[in-house]
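S.K.: Predicted model and sequence below, questions to follow.
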Amino acid sequence: MEYLNVILEKRAPLAVVTLNRPKVLNALNSQTFAELDAVFTELAGDPAIRVILLTGAGGRAFAAGADIRELAPLNAAEGEAFALRGQAVMRRMERLGKPVIGCIQGFALGGGCELALACTLRIAAEDARLGQPEVKLGVITGYGGSQRLARLSGRGAALKLLLTGSIIDAREALRIGLVDEVVPAADLMSRAETIAMEIAANAPLAVAAMLDAVDQGLDLHLDAALDREAARFGGLCDTADKAEGTKAFLEKRAPIWRGI
């Protein structure tokens with residue numbers, strides 16, 4: 001597929017996905033969602049790629065939100081389909097089995113903030129501005145923002161942001177747990193790459209299992225989640241990577257992962 005609104009750069013073991021509509025602050029339209037879906041499908045099937053960085057072009061925005069021109073004419077049925085489409089793309093990103101690090105500079109509003117929330121980790125530049133202003137348009141979050149924000153920041157902090165429609169700066173986003181780190185804008189991508197390389201140095205099957213354990217476990221009773229963790233731990237004990245990892249540790253050398 002030829003990508004018009006997204007730039008995909010592969011630098012194994014990393015990939016950089018850049019939203020590329022800077023003239024409209026990387027607003028998320030239907031074409032962009034289709035391309036993101038295709039990009040994440042491609043990256044999921046590429047064993048050379050272990051971590052993905054997601055960012056926006058132009059320096060002014062990660063993504064300023066959904067394309068309001070597409071939103072404005074929707075009726076009830078069309079609106080639900082509109083929301084479900086975006087949710088599906090973000091859920092695919094969460095279930096890749098590979099971490100996605102959101103690199104946020106400038107505005108991450110509405111659907112753009114929801115896209116950031118669906119990332120595994122979020123690194124924000126000092127100039128980042130985040131918010132969910134949907135109530136100011138007469139709607140609510142449609143791509144999962146109400147659910148992910150409450151899980152990350154807690155009910156009170158989430159509702160304050162969701163009900164006021166306020167836009168907060170990077171430091172406040174860090175305080176409430178919406179982002180994981182704040183760095184100078186000039187250091188944003190290099191810091192994200194450093195974290196990505198730390199992750200990529202680890203066993204890919206173990207990383208995928210850890211992502212899955214946390215993702216599924218949050219929705220389970222603790223005892224059921226612990227049982228699933230134990231099952232995944234046991235499954236990994238039968239892999240070549242586990243044999244290599246333990247052997248390399250005992251031999252005091254770096255492991256060579258094969259993903260099997």
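M.R.: It's in. Please read all numbers here as calculations on a predicted model, not as lab measurements.

S.K.: can I assume L149 is in contact with L178?
M.R.: Yes: L149 sits in contact with L178 when judged by Cβ atoms under 8 Å, with a separation of 7.0 Å. The C-beta positions use only the backbone N, C-alpha and C, and glycine is treated the same way.

S.K.: joint contacts of those two?
M.R.: L117 (Cβ atoms under 8 Å, 6 or more residues apart in numbering).

S.K.: Show me what the longest helix along the chain packs onto, helices and strands only.
M.R.: In the chain, assigned by DSSP state H, the helix with the most residues is helix 76-94. Contact analysis of helix 76-94 by 3 or more Cβ pairs under 8 Å, 6 or more residues apart in numbering; DSSP states H and E lists helix 30-44, helix 68-71, helix 111-117 as its packing neighbours.

S.K.: Could you identify which of these is most buried?
M.R.: Mean neighbours per residue, mean count of other Cβ atoms under 10 Å, is largest over the helices and strands packed on helix 76-94 for helix 111-117, with a mean of 29.

S.K.: ok, then the element right after that one?
M.R.: Toward the C-terminus, helix 111-117 is succeeded by strand 121-125 as the next helix or strand (DSSP states H and E).

S.K.: from the chain's centre, how far out does that following strand sit?
M.R.: Strand 121-125 has its C-alpha centroid displaced from the chain centroid by 10 Å (Cα atoms, centre = their mean, to the nearest Å).

S.K.: again, but for stretch 120-128
M.R.: Centroid separation for stretch 120-128 versus its chain: 11 Å, with Cα atoms, centre = their mean.

S.K.: mean confidence score for that stretch?
M.R.: The pLDDT scores in stretch 120-128 average 98.

S.K.: same question, stretch 41-60
M.R.: Across stretch 41-60, pLDDT averages out at 97.

S.K.: Can you list the buried residues in that stretch?
M.R.: For stretch 41-60, a neighbour-count test (16 or more other Cβ atoms under 10 Å) marks L43, A44, I49, R50, V51, I52, L53, L54, T55, G56, A57, G58 as buried.

S.K.: Spell out the secondary structure type for L8.
M.R.: Secondary structure assignment for L8 (DSSP: H, G, I helix; E, B strand; the rest coil): strand.

S.K.: check contacts around it.
M.R.: With Cβ under 8 Å, 6+ apart as the criterion, the residues that contact L8 are A15, V16, V17, T18, V39, E42, L43.

S.K.: quick one: low-confidence parts of this protein?
M.R.: Regions of the chain meeting the criterion pLDDT under 70 cover residues 1.

S.K.: residue boundaries of the strands in it?
M.R.: For the chain, the strands defined by DSSP state E occupy 6-11, 14-19, 51-56, 61-63, 100-104, 107-109, 121-125, 129-131, 167-169, 181-183.

S.K.: Including distance to P204, could those strands go into JSON lines?
M.R.: Converted to JSON lines, the strands of the chain look like this (distance: least, Cβ to Cβ, whole Å):
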{"stretch": "strand 6-11", "distance to P204": "16"}
{"stretch": "strand 14-19", "distance to P204": "13"}
{"stretch": "strand 51-56", "distance to P204": "10"}
{"stretch": "strand 61-63", "distance to P204": "27"}
{"stretch": "strand 100-104", "distance to P204": "15"}
{"stretch": "strand 107-109", "distance to P204": "28"}
{"stretch": "strand 121-125", "distance to P204": "17"}
{"stretch": "strand 129-131", "distance to P204": "31"}
{"stretch": "strand 167-169", "distance to P204": "35"}
{"stretch": "strand 181-183", "distance to P204": "24"}
